[in-house]
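Quick one: sequence plus predicted model below, questions after.
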Amino acid sequence: MPVQLSYPGVYIEELPSGVRTITGVATSVAAFAGSAPRGPINNAQHLFSFADYERRFGGLAVDSEMGYAVRQFFQNGGTEAYVVRIVKDASTASKTLQNATPIDVLKVQALDEGAAGNGIEVRVDHLTINPGSSFNITFIRASDGRAERYENLSMNSMDARYALDQVNAVSQLVKLSRMVGQSALDGLAAGTSRSANLADVTTLLDANHNEFRVSVNNLPPVKVLIALPADIAGGTATQRLDSLCGAIQTKVRAQANSQLAYQNFTCGRPATTQTILMTSGVGGEFSSVRVLPGQKSNASAALKLGSEAGGVEVDAVGAIRPVPVPDPATLTSDTFGANDLDALPDATHTGLRISLDGNSDVIDIGDALAVGGNLADKLSDMAARIQAAVRARKPGDPAYRNFTCAVAGSTLVLATGTRGAASSIAVSASPLNSIASQLHLLAGSLTTQPVNVTLQGGSETAYAAADIYAAFIADRDTRKGLYALEAVDLFNILCLPGITDAGVLMDAAAYCEERRAFFVIDSPPMAVDPQQMVATVSGTALPKSDHAAVYYPWIYIADPLKNGKLRLSAPCGTVAGLYARTDGDRGVWKAPAGTEASLIGVQALNYQLNDRENGSLNPLGVNCLRSFPVYGAVSWGARTLRGADQMTSEYKYVPVRRLALFLEESLYRGTQWVVFEPNDEPLWAQIRLNLGAFMNSLFRQGAFQGKTPREAYLVKCDRETTTQDDINRGVVNILVAFAPLKPAEFVVIRIQQLAGQIQV
């Protein structure tokens, strides 16, 4: 639109040139469908190397022809592919995790349907920055060593570390579902923040330590400024702590600003303790209390409030987080008698040898007598001393750093700090002053080794011969089977490795015609000799489509799973890779055949054809794979399945059909801008300009016959192609014609003798 001319001066306008560059589409994006060891089912995956296939689908498998075909595709020059895993029936492996109650709180499901999900190990621990509320979860797939760990997760859906958001967004192994209903979430108890045990607050607070902030239910924090000494009045340490708790509650509520969580906020001292307990005034999923450092004279550290200062903050959702799994390896002592610890430890009974996860160390718990007025107190003292001594021994080793020793009835329970089948614990007598026997950790003790928690219940049924059609040509509306490719924007070559069912081939060929793709078909494996192949191609087993080509015979390649032993494999993946290599080297208009069309990785052919046998198959439209001295295995045919001489098809040759598909797809995508443009001569001129430029670039690359552009192609869009009636109906007609290159399939050399120097 021209600018408004309002002031004297120079105005600049940019005028459109009408040039809209048409870019040719890719010509060798392959699509494969078949069975695989693992991976998503009925979901096309975009791959750029065989390594991608190994990561997503598990690599080669003896019973999967597709894996070998994909490997051959990339080995022969392919660069881009989509792969669809197909099975008949499948269920998903899963595991439900529980909280301490116990009730089901979190369901873990494998991303890949079928048996591939079985055995994914799940580990949960509470060794987080907020151990009262959050958790860590780890997933391990032993088959390929893949491991994923997610730390400091919350069951609060509004939390930035919400477990489902953190795992489901990135995991390549599993997905999570929360099992707790809304009514249960609404009924969760209020979140709390509790300090560690405190000394007399008069020794903790002063003018430089009298401020902190409190955030309740993730609301903006309020500042608590402690007035000294007024807020810590009282004659005893307990009375002064009670006074402080009351002052904190009053100051927070005074800043409630109509927020119920602050209006009903409480702060008190639990009976028989010297701690501060803050509680949110509103329960439910989002209930929490956070103590934050003061902006100037911070007192949170002095009062041990907040997880970083030694306090414990328990959100409401802490009650529904999964318990740690699997259990650690444990050692339970034999039962203690009432008087067993009356005179222990002593100068000659202070040490024991403990082995955690295979590492052995001697610890010393000291010769001071067990403290307490009864057996329970003395056992608690022993447990605390053993735990402290072990943890101090190797604080950098998780097995030692997280080691625990607890009292269970009249026994001691020792547990390694690691979890899973690899964790272990053992106790033996120390070389000197051993107390292991007196602590009943030898005779009569019980060792429990944990069992890994894994996903189970995944199953699948591979398609049998009778099920192939139902598996591949499934419900198109739900995009299953072959129709999972509906989600793919563009593919040019379709391969169904080893699939020779006539019904599947017919429907797949029709789908290729619809998607402007080319179908590379494997010859039936039972058609071993040429006579059998002649009978096959002469009947109704193969689709008579110019969008498809069949290759015979099958090939032998080295099998990495059997130390290089030759394996009979379908040729379609190898041929598709050859198509891609030829397209890149010469162009889609070059026939993928000849002495330069070598089949990389092919060590032998299932049948060694001679010229006469080749001559019986070529006129019927069968592309033969041959082995020649020096050249090795090569593709020696370039006809479509309408390439039989009797059919006289204009798309007899593979490169002619694939060039036409390339032009159709490129022009279809490159002329979208024409829609809704004014339908008159200026538009037609633009169309001729842009399409002519595209066709001329192909002509200069040698894609067409002819010495001049006029002989090679035609772009026509004018009053002759688009009449007034067409214009009235909103139609613009474009005629694009091209003179294709035909392969020199038969080379005839005529030789004769010269008659000599005879003058007539």
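Yes, it's here. Residues are numbered from 1 along each chain as shown.

Downstream of the helix ranked longest in the chain, the next helix or strand is which one?
Ordering each helix of the chain by length in residues (DSSP state H) puts helix 681-701 first. Downstream of helix 681-701, the first helix or strand assigned by DSSP states H and E is helix 709-712.

Tell me the helices and strands packed up against that following helix.
Packing partners of helix 709-712 (3 or more CB pairs under 8 Å, 6 or more residues apart in numbering; DSSP states H and E): helix 681-701. Glycine gets a C-beta too; all of them are placed from N, C-alpha and C.

Return the list of helices and strands in contact with the longest helix of the chain.
Against helix 681-701 (3+ CB pairs under 8 Å, 6+ apart) you get helix 654-670, helix 709-712, strand 713-716, strand 735-738.

which ones are touching Tyr463?
With contact set as CB atoms under 8 Å, 6 or more residues apart in numbering, Tyr463 has these partners: 35, 86-88, 470-472.

Which positions within the helix or strand hosting Val167 qualify as buried?
Val167 belongs to helix 163-168 when assigned by DSSP H and E. Buried residues in helix 163-168, counted by 16 or more other CB atoms under 10 Å: 163, 166-167.

Now Arg149: phi and psi?
The phi and psi values for Arg149, taken as degrees, to the nearest 10, are phi -130, psi 130.

Report how many residues lie close to it.
Neighbour count for Arg149, taken as other CB atoms under 10 Å: 10.

Not counting its neighbours along the chain, what's nearest it?
Nearest residue to Arg149 in three dimensions, chain neighbours excluded: Thr138, at 4.5 Å (CB to CB, 6 or more residues apart in numbering).

residues contacting that neighbour?
Applying CB under 8 Å, 6+ apart, the residues near Thr138 are 121-124, 147-150.

so can I have TSV of these showing pLDDT and distance to Ala230?
Shown next, in TSV, are those (pLDDT from 0 to 100; distance: CB to CB, whole Å):
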residue	pLDDT	distance to Ala230
Glu121	93	57
Val122	95	53
Arg123	93	51
Val124	94	47
Ala147	93	56
Glu148	95	54
Arg149	95	49
Tyr150	96	47
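
okay, those residues in CSV with secondary structure next?
Formatted as CSV, those follow (DSSP: H, G, I helix; E, B strand; the rest coil):
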residue, secondary structure
Glu121, strand
Val122, strand
Arg123, strand
Val124, strand
Ala147, strand
Glu148, strand
Arg149, strand
Tyr150, strand
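
Just the buried ones among these, please.
For the contacts of Thr138, buried by 16+ other CB under 10 Å: 121-124, 148, 150.

Closest to Thr202 out of those residues?
Val124 (42.7 Å; CB to CB).

who does the closest one bridge with?
Ile137, Val325 (DSSP bridges).

Low-confidence bits of the stretch 251-400 of the chain, can you list those?
Within the stretch 251-400 of the chain, no stretch has pLDDT under 70.

sorry, back to before: and the gap between the residue nearest to Arg149 and Glu80?
34 Å (CB to CB, to the nearest Å).

If you count neighbours, what's buried in stretch 151-162?
For stretch 151-162, by 16+ other CB under 10 Å, it's 152-156, 159, 161-162.

scratch that, stretch 495-503 is what I was asking about
Buried positions in stretch 495-503, judged by neighbour count with 16+ other CB under 10 Å: 495-501.

Same check on stretch 244-263?
In stretch 244-263, counting by 16+ other CB under 10 Å, buried: 244-245, 247-249, 251-253, 256, 259, 261-262.

what's the most distant pair in the residues you listed?
Taking CB to CB as the measure, the buried residues of stretch 244-263 span a maximum distance of 22.9 Å, between Leu244 and Gln259.

hang on, the earlier thing: out of the buried residues of stretch 244-263, which is nearest to Val201?
Leu244 (5.5 Å).

For the most centrally placed residue in the chain, give me its contacts.
The centre of the chain sits closest to Gln172, judged by CA atoms, centre = their mean, with a distance of 2.7 Å. By CB under 8 Å, 6+ apart, Gln172 lies in contact with 111, 146, 148.

Let me know how buried the nearest residue to the second one once chain neighbours are set aside is, in neighbour terms.
Spelled out, it's Arg146. Among residues not flanking Arg146 along the chain, Leu173 sits closest, at 6.6 Å (CB to CB, 6+ apart). Around Leu173 there are 20 other residues, counting by other CB under 10 Å.

Go ahead and confirm Leu173 touches Ala116.
No. Counting by CB atoms under 8 Å, Ala116 is not a contact partner of Leu173; they are 10.2 Å apart.

Name the residues contacting each of these two.
Both Leu173 and Ala116 are in contact with Ala110, where contact means CB under 8 Å, 6+ apart.

Which positions in the longest helix of the chain come out as buried?
Using 16+ other CB under 10 Å as the test for burial, helix 681-701 gives 683-684, 686-687, 689-692, 694-695, 698-699.

so which of these comes closest to Thr722?
Ranked by distance to Thr722 (CB to CB), these are led by Trp684 at 7.0 Å.

if we can go back for a sec, turn the contacts of Gln172 into a markdown table, including distance to Val488.
Output for those, formatted as a markdown table (distance: CB to CB, whole Å):
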| residue | distance to Val488 |
| --- | --- |
| Leu111 | 20 |
| Arg146 | 26 |
| Glu148 | 28 |
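
Pretty sure Ala604 sits against Ser627.
Yes. With contact defined as CB under 8 Å, Ala604 counts as touching Ser627 (7.5 Å).

Looking at the contacts of Tyr463, spot the one nearest Thr272.
The closest of these, once distances to Thr272 are taken by CB to CB, is Val87, at 62.2 Å.

excluding its backbone neighbours, what's nearest that closest one?
Distances taken as CB to CB, 6+ apart place Glu460 nearest to Val87, at 4.6 Å, with adjacent residues excluded.

just to revisit the earlier point, for the buried residues of stretch 244-263, please prepare JSON lines with the additional fields secondary structure and distance to Thr723.
Shown next, in JSON lines, are the buried residues of stretch 244-263 (DSSP: H, G, I helix; E, B strand; the rest coil; distance: CB to CB, whole Å):
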{"residue": "Leu244", "secondary structure": "helix", "distance to Thr723": "94"}
{"residue": "Cys245", "secondary structure": "helix", "distance to Thr723": "92"}
{"residue": "Ala247", "secondary structure": "helix", "distance to Thr723": "92"}
{"residue": "Ile248", "secondary structure": "helix", "distance to Thr723": "88"}
{"residue": "Gln249", "secondary structure": "helix", "distance to Thr723": "87"}
{"residue": "Lys251", "secondary structure": "helix", "distance to Thr723": "86"}
{"residue": "Val252", "secondary structure": "helix", "distance to Thr723": "82"}
{"residue": "Arg253", "secondary structure": "helix", "distance to Thr723": "84"}
{"residue": "Ala256", "secondary structure": "coil", "distance to Thr723": "78"}
{"residue": "Gln259", "secondary structure": "coil", "distance to Thr723": "74"}
{"residue": "Ala261", "secondary structure": "helix", "distance to Thr723": "75"}
{"residue": "Tyr262", "secondary structure": "helix", "distance to Thr723": "77"}
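
Doesn't Asp477 belong to a helix?
No. Per three-state DSSP, Asp477 lies outside any helix segment and is coil.

How many neighbouring residues does it have?
8.

And Leu341, by the same measure?
22.
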